[in-house]
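Engineer: Got a sequence here, can you model it:
(chains A and B, ligands or ions: 2)
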Amino acid sequence: MTARPVVAEDRAAAERQAAGGAPPPLGRERLLELYYYMRLTRSLEERLTNLYRQGKVIGGLFRSLGQEADSVGSAYALDRAAGDMLAPLIRNLGSLLVMGARPEEVLRQYMAKATGPTRGRELNVHFGDLGRGFVGQISHLGDMVPVMAGVALTFRMRRQGRVALVYVGDGATSTGAFHEGLSLAAARRLPLVVIVENNGWAYSTRLERQTAVRGLAVKAGAYGIPAAREDGNDVLAVFAVTRAAVERARAGGGPTLIELLTYRRKGHAEHDDQHYVPKEELARWEANDPLERYARLLTSRGWLAADELAAADARVTGELDRAVAATEGDPAPEPESALEGVWASPARQPAPWYREGGAARG
Amino acid sequence: MAEVTYLEALRQGLQEEMRRDERVFILGEDVGHYGGAFKVTDGFLAEFGEERVIDTPISEAAIVGAAAGAAHLGMRPVAEMQFIDFISCAYDMLTNYVATSRYRANLPCPIVVRGPAGGYVRGGPFHSQNPEAAFLHTPGLKIVCPATARDAKGLIKAAIRDDDPVLFFEHKYLYRRIKEQLPLPGDGDLVTPIGQARLAREGRDLSIITYSAMVWKALEAAERLEREDGLAVEVLDLRTLLPMDDAAITATVKKTSRVMVVHEDTRTGGVAGEITARINETAFEWLDAPVLRVTAADTPLPYAPALEDYVLPQTADIVTVARKLAAY
Ligand SMILES: Cc1ncc(C[n+]2csc(CCOP(=O)(O)OP(=O)(O)O)c2C)c(N)n1
Ligand SMILES: [Mg+2]
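Structural biologist: Residues are numbered from 1 along each chain as shown, chains lettered A, B, ... in the order given. Ligands and ions are numbered 1, 2, ... in the order given. Below is the predicted model of the structure:
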């Protein structure tokens, strides 16, 4: 696979690709499922934004508006039945949902509920479930690359034919951990796919100030592994490029680095008013919305009918109504539960002697 | 005089040093165009230009390493960690390279590494850390932890002028919550000497030795103990952890004979253990009670308010322990 140039902002790219009466690249059910996950991602984040404004989301809120195709299309290319695994980043809610994370879990995480997957210990999408194939991330950028190299190493040692996938942002490609993990994976030809999400910004820092190279795919060359560059707002293109890398890894061909060109349409987090982002640039990417683009493609090609998409939208609305209703009133964790689970054994840290008889107030 | 926040005082200190000495420059993630994640360097790019306010790629190792190289040649770099939790990515640079440079190679390394530390902000395990104990064990580094606006300003200025590497741990809970009357910028030279503790409150019955945001909890507890128990509690704000002000610690031990050490960081291997050992070695015969600690529990810092509040020290804990000490 070689890096091929794409024009991510060309909203007609997907339409052109499908021109000439081409048959759908996936069955109707799978096309619809991709649409459903993208819509679910966007709508769940909109619900979270409302909860954030009501003060029910305790910490920060991170959006992936405009990046849903990149998360959903790439995760969808894994073979979940075969036991493939991924490690998401803060903007990969869509990848988690594809792997089977439930909106209820995400809501409980953000609202710090006792019933959430980390029982209030960790925030937002920082949670994992090996059974469903996702490993919980930490904040430190780049750290998941070597970790997922180790997951891939184990797949290979056990001759399991499974593949690991890890995401990094454009900014995170500056970290040592990214390079060191990639170097290890490449040297050992491990079954690892590295998705670099080039969304133009790392907090307030533009790509031009982050790196001297024009595109991030070239970083693969230094490690002797192939790279691809794809329009990250075209969900079918993302799926296809990732699927090829996944199958290559499964066949023993080693890692691939995929640069997905997309755009962060919100601030770094909800508190950031992104005043530093040029308005025209935002408008251009709004016009290249991955969800609208995909819906247009599906209906204009006649692959799916508009009312099928509307039914998927309605399904999402219903599921999220129920998810919010089911989680909003959940209890906060018991204070003393903070002491559990630092080690396997002993399983509980001693309470400070001055706390005997319960939590201090004030 | 004007009323300024901790954050504004810090900004003034940085700004005054940059105006005073053109060798001083700033580097870090989003410090220039954005003015820093907490806006500590807001406006600096416009005043000092891109050569002295440098937006870097995301690499704490490169930020600290580059600061060290510049410092060898006589520059005075101030490196920002966007959150102090990410200083761990520069641990190798700081403990192996920077801390040893003077001793092993006669290379001065006058850098400042600063950033927001601390909890009580629902930041979860990676935006709340207090990393001082990880560095206390490394000879060659200095560590300061201001608790007041005056010291935020005075200590950043001292840190920049210091000929050794200084880790400057700001408390993000204090950034906009505390205010103080300070001289206007340029009106005198407010410098807090590194290595000197400050008596935040005088008392004769028992002493609380602490630093950073815990100074305010200790003061709150002291007021309550005076009101409810008639106890006169002394609060010693260490301000600098390395080098430690042993004279001030010994003086308060001799004065009250009952001592508690309070910090926000976790308990095992924390700074309080070191302070307690020093007191045992130098002032044991002055004690009327064992030295007691109030600290965070030994867990990563959880996100949910109920959990975070349970793990972190609270004013009520200090009151409970003070009563036990007083009754000993
Ligand atoms: C090692 C490290 N340093 C600094 C940070 C603070 N930080 C959090 S996100 C971010 C920008 C990330 O940009 P990018 O990798 O492009 O991801 P994006 O937010 O665009 O998805 C920074 C600097 C961090 N999380 N980890
Ligand atoms: Mg980015």
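Engineer: Just the helices from the stretch 251-362 of chain A, written as ranges.
Structural biologist: A:279-286, A:290-300, A:306-327 (DSSP state H, counting those that start in this stretch).
Engineer: Mean pLDDT, mean neighbour count and distance to residue A:189 for the ones you listed - can I get that in CSV?
Structural biologist: Placement of C-beta: from N, CA and C, glycine included. Shown next, in CSV, are those (pLDDT from 0 to 100; neighbours: other Cβ atoms under 10 Å in any protein chain shown; distance: least, Cβ to Cβ, whole Å):
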stretch, mean pLDDT, mean neighbour count, distance to residue A:189
helix A:279-286, 97, 13, 37
helix A:290-300, 98, 19, 33
helix A:306-327, 98, 15, 40
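Engineer: These: which one's closest to chain B?
Structural biologist: Between chain B and the helices of the stretch 251-362 of chain A, the shortest gap by Cβ to the nearest Cβ is with helix A:306-327, which sits at 14.0 Å.
Engineer: can you give me how far the closest one is from the chain middle?
Structural biologist: A distance of 21 Å separates the C-alpha centroid of helix A:306-327 from that of its chain, computed with Cα atoms, centre = their mean, to the nearest Å.
Engineer: Now the helices of the stretch 251-362 of chain A in TSV, please, with extra columns for distance to residue A:195.
Structural biologist: Shown next, in TSV, are the helices of the stretch 251-362 of chain A (distance: least, Cβ to Cβ, whole Å):
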stretch	distance to residue A:195
helix A:279-286	19
helix A:290-300	15
helix A:306-327	24
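Engineer: Tabulate those helices (a markdown table), appending distance to ligand 2.
Structural biologist: A markdown table is the format used below for the helices of the stretch 251-362 of chain A (distance: least, Cβ to the ion, whole Å):
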| stretch | distance to ligand 2 |
| --- | --- |
| helix A:279-286 | 13 |
| helix A:290-300 | 16 |
| helix A:306-327 | 27 |
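Engineer: In a markdown table: these, plus distance to ligand 1.
Structural biologist: Converted to a markdown table, those look like this (distance: least, Cβ to the nearest ligand atom, whole Å):
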| stretch | distance to ligand 1 |
| --- | --- |
| helix A:279-286 | 13 |
| helix A:290-300 | 15 |
| helix A:306-327 | 23 |
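Engineer: How about the contacts made by the residue in the stretch 1-150 of chain B that ligand 1 sits nearest to?
Structural biologist: Per Cβ to the nearest ligand atom, residue B:86 is where the stretch 1-150 of chain B lies closest to ligand 1, at 4.0 Å. By Cβ atoms under 8 Å, 6 or more residues apart in numbering or on different chains, residue B:86 lies in contact with A:140, B:60, B:115.
Engineer: Of the residues you listed, which ones also sit close to ligand 2?
Structural biologist: With Cβ under 5 Å from the ion as the criterion, those include none near ligand 2.
Engineer: Show the contacting residues for the residue in chain A that ligand 2 sits nearest to.
Structural biologist: Across chain A, no residue is closer to ligand 2 than residue A:169, which sits at 3.9 Å (Cβ to the ion). The contact partners of residue A:169, taken as Cβ under 8 Å, 6+ apart, are A:89, A:91, A:141, A:196-197, A:199, A:202.
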